[in-house]
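S.K.: Below are the sequence and a predicted model for it; my questions follow.
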Amino acid sequence: MSTISTHLRTFKEPNKEQITQLFFSVPPSLTARCEKDGLEKMEINAVLSMSAEAEEDSYAGKLHLIPPFLCFASLDRKSCRFTLPLCTIRRVERLNARAGIYALSLSLWHGMKIVVQLTSLRPTADLFCASLRDSLKAELQHGQMKAVRSFVKTCYSETLVASEAQAGEEEQEEKVAPEGTDNVETPYHGGLGLRFKFPGDPKKLREASKVKLWKTYLRTHGRNLTLLRYPQCTRLVQVGLPNRLRGEMWEVLSGSLYLRFSNPGVYEEILKENEGRTSTSTEDIEKDLHRSLPEYSAYQSEEGISALRRVLQAYSFKNPELGYCQAMNILVAALLIYMSEEQAFWLLEVVCDRLLPGYYSTSMHGTLLDQRVFESLVQKCLPIIHDHFQEVDVQLSVASLPWFLSLFINSMPMVFACRIIDCFFCMGPKVLFQVGLAILKINGEELLKIQDDGGFIQLMRSYFSSLGQSAHPHSPDPRARAITRFQELLLVSFREFSIITDDTIYSERKKFRNEIVFSIESFSKRAAIRNLKTLERFTKEQAGLIYDALYRAMCIIPPPAEVARPAPTLISDGNEEKPETRIGLRTFRVFLSEIATWARDEKIIINGFQQRVDREVAEHEFIDRLFYFWDVHCKGALSFQDLVSGLDGVMFNDLMENIEWFFNLHDKNKDGYLTKDEVLTLSESLLFIFRFEIGDAYLGAVSRFMTNAFEYGDALLPQPEGQGDSDEPPPTPGIASNQPYLNLATFRMVVLADEILESFFETDLSASFKLEPVPMMELPSSGNGFLGDLISNIATDDNKKLFNRFTDQIGRTIGKHQVIHRPAIGRFTKLEEPKARESLLTPSMRPSTSTSSLSPTDRAQSPGASTSNLSLSSDARSTTETLVQGSEMSPISIMKTANEALMERPQFAIDDALDDDTDDELGGEDDGVMDEVDAFLEAHDSGLTDEQKEVAKDLLNAKPVK
Amino acid sequence: MAESGSGAADKSVQVKLVLLGEAAVGKSSIVLRFVSNEFQANKEPTIGAAFLTQKCRLEDRVLRYEIWDTAGQERFHSLAPMYYRNAQAAVVVYDVTKASSLEKAKSWVKELQRQANPNIVIALAGNKVDLVQPSPSASGSGSAVESEDEADDATATPGENAAAAEQPESLRQVPRDEAEAYAKEAGLLFFETSAKTGEGVVEIFTEIAKKIPIEHILASSRGTGRPGAAGRSGGAQEGGVNLEENAAKGKDACNC
């Protein structure tokens, strides 16, 4: 009654290249295409300058060619950056400048001109230029350049900038104020807000001033596809995006714009292809449509509801594995106020895929992980609050989970949530953590008074509802009084918690991932065992061992998707089956090899350097027979319950039951008779089970069995006249191989005639099924820090195999290579056991790399383990272990101390921060927007000396090389 | 129980109660009916869990329920322990018109009995009985699926009873006897309820209140200093939970 999922095992930490791509919001799907075309990625040191009109400093940084994008980030990774689709580069010229300076001038689609001075060595610069040229050519061939013109028309920024060229400022301000009047046929994409009004009071939001500032910025620094992000851009985002521009800026900042640009029409296609289709996701979506921001007027109308439905459904069809998760409805509902369906669809993809990975997945592991990370950050940054919560047993997640899961939309008033989302798309997921920490810090004193979860929730509620109020209502300074609690929140977030960087989040996530995976997996294990209809005769612990074997098998050979995830039921008739994980034959073979000793081929290999057990999954008709025998519901696949019941059918049997079980297993049509063919198959099964037994005893037993079976069978053949009660044709002495031949009683007699077979059925068969702890599957990445990575990279299965092969080779050359098959039963051994085998059976000799595990029974069978051999090698092992630990520990502890030191840096007080910003640059004209902008002003180090700046400035006026 | 400390001054005993059950069985509607005695359209969605409070008067004592209304979607299941830990009471809800929801309820009961507070009082509630009772004002005949959605989404107004079909009993998939027998066997309180009409809703909470070992809670809560409860109750101003108002209603509703 439950599903078992192994998807958490497939996680891989992003590598450096992927992290760079994440930083630049470059969609992996697009870079993959260029990679296929053989276009090279490259990075180079560079200095970026802009034409004089923009009045920007020059910045030193790195220029990345990630086809089909050209990206730049300043050295501090935040002051200045851009992600330019190559197709927006109209012209590239090599500049004729001072000797030794290698500079390119790029003319961009929106008329800007930027100069990049390549400061790496000359050959590197040449190579970079060549790669850039190739990539640009490829883009031209793809026809992407042509697509730009029509695409930018769908962006509001074009209309905005164009309008300024014609209309005066007065008119513009007016145009912003009345909303939802004549915007039905706009060429650009827009959200429901255009018709149903945007939340909040435009006056209070100072929309007009914001629009003006953005217009200036977008005109000089590019827009939509070509936006260059200078410090001013980030600051303008931090004071809140103007409503009309918000949707587009979300797209641009998150990079979803590139997906929409390169997938024209895909959203509509998905909807069309899946029209009328229903699934569990669409059912869930229907239930929540009317519960998504119901207070917003658009969601009281069919127009809003159906837009919401289409976006959520389209995404559930595009990503059926994720489908739909509650909270996505709230997110999408918020997005749709500011952007079109198509825009929201691609943005949702970026959110689910890159910004909040695993948040909405079926296990919600991303959510759980980030909650754990948040808790750890609270512990580091706000230890007093953390300790208090521990003391009164308050769980942080009860309040913070919805913050993260619905990006604060459900927690605070819409206007404020949107501003956090602005920052989230601009600066990434770390914003959620920064804001979360700031909320706790600001409410620190109150939080120390709470006693339980309920009090915590209520305190947070009342805080969120007071965000619009003054943060300093009693201050004599009117400027201080004007600061709202929300502004205070953002300031605390970005000033005091600027130490929380992307890297912090990455490394914290890495640290806790295994913990979370483990807890999710043990949770589903407990649930799976609890949900078994019957444990049969097993204890819960034994069922746990069966589950472990099943889980391991599923990790090695994942069950086919259609078996693991049954097609969503279309109609809920109340009796539909719950989705249940079932495994196919291939997975079953692996499962059985974990449990039944004869279902695996185990070779003991000794090569002078190491001794190990290589285990392979056996394949035999007998195992397949067992699979179908246990598939009592004839589904072609086995559930956990089937396995438990199946094992129960054999593991608790006595002699007579075992004989009957084995007989039934081979009686395909269940008529109580084995045919001659079946007797032969049965003998083969026995031979298969006995294949590695030492000596001839078992071979003899099986051959005696066959002789006897046919002898008795022939002798006991009923005479034609005695066979009146059956509709089968009367058997003749020359019976056909597929006719009923041997019944259970005869079979039993034949078996009991042989001592070896008798003992096999009495104890050995049942004992060959062993429930023993399965070696824990290695989690995707274990260990912390750089060295942990290194070790986990080295210790891959492939490398182990390589190493094993290598030592085997050497072993062979020095004549010490030995391979011994381990018997499945190992009772009757006429041969003397080789000495080496005994030593192998001692537990501590197990090589840590081996996937096998030795059972207690095995150990019991070899009491005379050679102790000298054992102690020697275990010593050797422990030495390597300490060695590894020793070298692993030191850098980590250093890093930890460094981290802690960082975390405990003195924090600024909010009031001080405000005092810094008393200069009034723009006067009253801007309604104080710039004051707020300035509040975010931080020193931007362009990373250049004065002299270098001069060079960069000169380049702007340089002439291209002829 | 000792008379000193907070117990005498503030007789309100805080009880943490968690609602569990399959999606769309009407958990949120039951809470809403109990807390504000309404069957409301377009309520706040449940992310993780919604938190509400309601007072319930019991003889000489006032119980203050802290209700955690959990999300029903299957993938939120792994979050549930966060909400049911330390809970003194649980209401496991199923839908009388959907047999599979009882199975899910049973699995919740099992989980609670094994993983939650050992003294937890569990009530089993078969919701949406209004769909299977003959109604005098049977006007429309909605299909079972539609009415489920309706009850969950709370889109219908209290007066409407569009879901009553010609033969209402035919919608029933879980016989009362069967569920009651199971509840008895598992040691649960049992109710059939309708969040829509209000039938049986208040009873759940009063019966739980009677069964809760209050002395035990008082004894254990004294250590952490409860008096803060009074101060806090004024805090919630946002959303549908206005404690001051509801407290008055609650006294009426919960008059036992």
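M.R.: Nice, thanks for sending it over. Residues are numbered from 1 along each chain as shown, chains lettered A, B, ... in the order given.
S.K.: counting contacts, what elements does the helix or strand harbouring residue A:348 pack onto?
M.R.: Using DSSP states H and E, residue A:348 maps to helix A:341-350. Applying 3 or more C-beta pairs under 8 Å, 6 or more residues apart in numbering or on different chains; DSSP states H and E, one finds that helix A:341-350 contacts helix A:243-254, helix A:256-262, helix A:266-273, helix A:302-318, helix A:328-338. The C-beta positions use only the backbone N, C-alpha and C, and glycine is treated the same way.
S.K.: For residue 70, which non-adjacent residue is spatially closest?
M.R.: Since you didn't name a chain, this refers to chain A. residue A:84 (4.8 Å; C-beta to C-beta, 6 or more residues apart in numbering or on different chains).
S.K.: The intended chain is chain B.
M.R.: Nearest residue to residue B:70, sequence neighbours excluded (C-beta to C-beta, 6+ apart): residue B:49, at 4.6 Å.
S.K.: for residue A:670, same thing?
M.R.: Residue A:670's closest residue in space is residue A:664 (C-beta to C-beta, 6+ apart), at 7.2 Å.
S.K.: where do the helices sit along the stretch 51-200 of chain B?
M.R.: B:80-84, B:99-115, B:144-153, B:176-186 (DSSP state H, counting those that start in this stretch).
S.K.: can you redo these as CSV with mean neighbour count, distance to chain A and mean pLDDT?
M.R.: Below are these laid out as CSV (neighbours: other C-beta atoms under 10 Å in any protein chain shown; distance: least, C-beta to the nearest C-beta, whole Å; pLDDT from 0 to 100):
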stretch, mean neighbour count, distance to chain A, mean pLDDT
helix B:80-84, 21, 6, 92
helix B:99-115, 20, 5, 92
helix B:144-153, 21, 5, 38
helix B:176-186, 14, 14, 95
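S.K.: Now for residue B:79, how many residues are close by?
M.R.: 21 (other C-beta atoms under 10 Å in any protein chain shown).
S.K.: Am I right that it is in contact with residue A:364?
M.R.: Yes. Assessed by C-beta atoms under 8 Å, residue B:79 is found in contact with residue A:364 at 7.1 Å.
S.K.: helix/strand/coil for the spatially closest residue to residue A:609 that is not a sequence neighbour?
M.R.: Nearest non-adjacent residue to residue A:609, counting by C-beta to C-beta, 6+ apart: residue A:807, 4.5 Å away. Assigned by DSSP: H, G, I helix; E, B strand; the rest coil, the conformation of residue A:807 is helix.
S.K.: ok now do residue A:807, which residues does it touch?
M.R.: Taking C-beta atoms under 8 Å, 6 or more residues apart in numbering or on different chains, we find residue A:807 in contact with A:607-610.
S.K.: Try it again at 7 Å.
M.R.: A:607, A:609-610 (C-beta atoms under 7 Å, 6 or more residues apart in numbering or on different chains).
S.K.: again with residue A:442
M.R.: Residue A:442 sits in contact with A:488-489, A:492, where contact means C-beta under 7 Å, 6+ apart.
S.K.: Run through the chain and note the low-pLDDT ranges.
M.R.: Going with chain A. Along chain A, the model assigns pLDDT under 70 to residues A:1-2, A:52-54, A:97, A:164-186, A:560-579, A:716-738, A:775-798, A:826-942, A:961-962.
S.K.: nope, chain B please
M.R.: Where chain B drops to pLDDT under 70, the residues are B:1-11, B:40-45, B:135-169, B:217-256.
S.K.: Now do the strands in it.
M.R.: Assigned by DSSP state E, chain B shows strands spanning B:13-21, B:49-58, B:61-70, B:89-95, B:121-127, B:189-192.
S.K.: Let's have the ones you listed in a markdown table, adding distance to residue A:537 and mean neighbour count.
M.R.: What follows is the strands of chain B, written out as a markdown table (distance: least, C-beta to C-beta, whole Å; neighbours: other C-beta atoms under 10 Å in any protein chain shown):
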| stretch | distance to residue A:537 | mean neighbour count |
| --- | --- | --- |
| strand B:13-21 | 31 | 25 |
| strand B:49-58 | 39 | 23 |
| strand B:61-70 | 35 | 23 |
| strand B:89-95 | 30 | 28 |
| strand B:121-127 | 29 | 27 |
| strand B:189-192 | 32 | 20 |
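S.K.: Nearest to residue A:251 among those strands would be which one?
M.R.: Counting by C-beta to C-beta, residue A:251 lies closest to strand B:49-58 out of the strands of chain B; the figure is 32.0 Å.
S.K.: now the angle from that closest one to strand B:61-70?
M.R.: Strand B:49-58 and strand B:61-70 are oriented at 160 degrees to each other (axes from the mean of the first three to the mean of the last three C-alpha atoms, to 10 degrees).
S.K.: so strand B:49-58 versus strand B:13-21, what angle?
M.R.: Strand B:49-58 and strand B:13-21 are oriented at 130 degrees to each other (the same axes, to 10 degrees).
S.K.: hmm, back to that, among the helices and strands packed on helix A:341-350, which is nearest chain B?
M.R.: When those are compared by C-beta to the nearest C-beta, helix A:328-338 sits nearest chain B, at 6.3 Å.
S.K.: The residue nearest to residue A:234 when sequence neighbours are not counted: which element?
M.R.: Of all residues not flanking residue A:234 in the chain, residue A:426 sits nearest, at 6.2 Å (C-beta to C-beta, 6+ apart). Following DSSP H and E, one finds residue A:426 within helix A:414-427.
S.K.: how much does that helix deviate in direction from helix A:243-254?
M.R.: 30 degrees.
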